[in-house]
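Q: have a look at this fold, sequence not included:
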């Protein structure tokens with residue numbers, strides 16, 4: 001059965017998220033570019049500290065994905081008045097989770113870092129970065145809830161506005177706090193972390209102001225308090241716990257990937273942080289289309305149109321692959337210029353060029369794999385998506401460890417593991433969707 005959802009409708013949902021993702025990733029680009037002016041240790045600390053933080057915060061992101069799936073299902077069913085109640089319970093849980101993670105980091109974070117990172121200079125600099133960055137948990141988790149709500153109901157333009165405000169403020173604060181301009185202290189790596197936290201706080205204020213000013217949102221009863229229901233919370237957790245661990249594992253494994261590269265040396269870690277920044281930019285369209293796939297799959301199932309799911313996912317994947325392919329060609333042609341935005345050393349630029357070629361191809365595989373994978377989670381079978389992700393990530397980190405620690409290959413060869421990740425994710429997810437074992441799943 002072909003889907004009745006047009007390419008235009010997919011694009012309407014995806015493009016504001018893509019624009020928002022561009023804005024968010026400009027933060028990553030500017031942070032890395034500014035830190036590149038401070039040297040290899042600063043770049044390495046930005047990589048380790050940033051990925052450590054992302055691994056923690058992705059637990060909240062994963063819960064937000066679960067809330068988004070439930071909201072999209074209720075929207076498809078026309079049960080608008082229950083959506084605000086779902087969002088309210090999501091907010092309570094995310095706030096409690098942020099507080100718990102904050103306390104755990106303050107108690108054990110530095111000890112964990114020092115036991116994992118060999119370079120003393122990078123360890124100290126990463127700890128300084130996280131001293132400020134960890135406060136962003138509270139703002140990030142609130143943003144995840146608003147993202148879940150607006151993506152779930154298909155009104156995503158506010159996400160673009162909030163992230164544009166965030167990135168504009170972050171660029172100014174990065175320049176001011178890293179280098180000590182406009183009368184502010186010169187904080188280096190710590191300045192980049194503080195700038196990100198303040199910028200995230202500003203984006204939350206935009207979400208709140210927009211939500212309070214729109215009378216059209218009243219039908220969802222977003223800010224109407226209802227009696228807390230453990231039954232509803234447990235229902236959300238049943239959907240969200242697998243996506244929480246799935247998101248956590250994805251970034252925790254990337255953190256492990258960089259820890260393995262750190263064993264190769266500070267130079268390899270520095271150039272890998274630059275490559276990561278470029279790779280994330282290539283993945284910007286994927287983020288938007290993945291959210292669209294997740295939401296639309298849950299929506300059509302809510303309307304009792306399960307037969308449209310696979311054709312819908314293929315349509316979203318085609319758009320994703322097409323857009324990423326354009327970016328991949330661009331990045332391959334202008335690889336030296338892209339690298340020069342971050343680093344001034346000709347040696348490091350030459351070292352990074354072949355890796356840019358590799359990630360450009362890998363991004364195309366990931367453009368298909370990620371959409372198919374989010375199609376699986378959109379069906380409500382988040383336990384299956386967790387199994388798929390865990391399997392792929394286990395093989396990913398095992399191959400990386402073998403390449404670095406056993407075969408002692410160069411950095412270019414290490415990055416070829418990204419080719420495996422996207423292709424295997426696509427194959428496993430496609431065959432699961434085609435099997436129809438997800439049909440009838442209630443959320």
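A: Cool, the structure landed. Note that the structure is predicted; figures quoted are calculated from it, not measured.

Q: which ones are touching the residue lying closest to residue 81 once chain neighbours are set aside?
A: Leaving aside its sequence neighbours, residue 81 sits nearest to residue 221 (CB to CB, 6 or more residues apart in numbering; 5.7 Å). The way it works is simple: take the backbone N, C-alpha and C, and place the C-beta from them, glycine included. Residue 221 makes contacts with 81, 83-85, as judged by CB atoms under 8 Å, 6 or more residues apart in numbering.

Q: one more: residue 418?
A: 279, 358-359, 362, 366.

Q: so residue 344: helix, strand or coil?
A: With DSSP: H, G, I helix; E, B strand; the rest coil as the basis, residue 344 sits in coil.

Q: re the thing from before, helices - which of the contacts of residue 418 land there?
A: Counting by DSSP state H, these place 279, 358-359, 362, 366 in helices.

Q: and those residues, which two are the farthest apart?
A: Spanning the widest gap among the ones in helices among the contacts of residue 418 are 358 and 366, at 12.2 Å by CB to CB.

Q: more neighbours: which of those two?
A: Between residue 358 and residue 366, counted using other CB atoms under 10 Å, residue 366 has the larger neighbour count: 27 against 20.

Q: so what pLDDT did the residue lying closest to the more buried one once chain neighbours are set aside get?
A: Excluding the flanking residues, the one nearest residue 366 by CB to CB, 6+ apart is residue 422, at 3.5 Å. In this model, residue 422 is scored at 90, pLDDT.

Q: again with residue 443
A: At residue 443, the predicted lDDT confidence score is 59.

Q: and if you look at residue 404?
A: Per-residue pLDDT puts residue 404 at 90.

Q: repeat for residue 204
A: 95.

Q: which of the residues in the helix or strand containing it are buried?
A: Assigning secondary structure by DSSP states H and E places residue 204 in helix 189-213. By neighbour count on 16 or more other CB atoms under 10 Å, the buried set for helix 189-213 is 189-204, 206-207, 210-211.

Q: kindly report the same for stretch 100-108.
A: For stretch 100-108, burial by neighbour count (16+ other CB under 10 Å) applies to 101-102, 105.

Q: over to stretch 83-94?
A: The neighbour-count check on stretch 83-94 (16+ other CB under 10 Å) flags 83-91, 93-94 as buried.

Q: ok now that stretch, how far from the chain's centre?
A: Relative to its chain's centre, stretch 83-94 lies at 21 Å (CA atoms, centre = their mean, to the nearest Å).

Q: now do stretch 143-153
A: Mean-position distance between stretch 143-153 and its chain equals 14 Å (CA atoms, centre = their mean).
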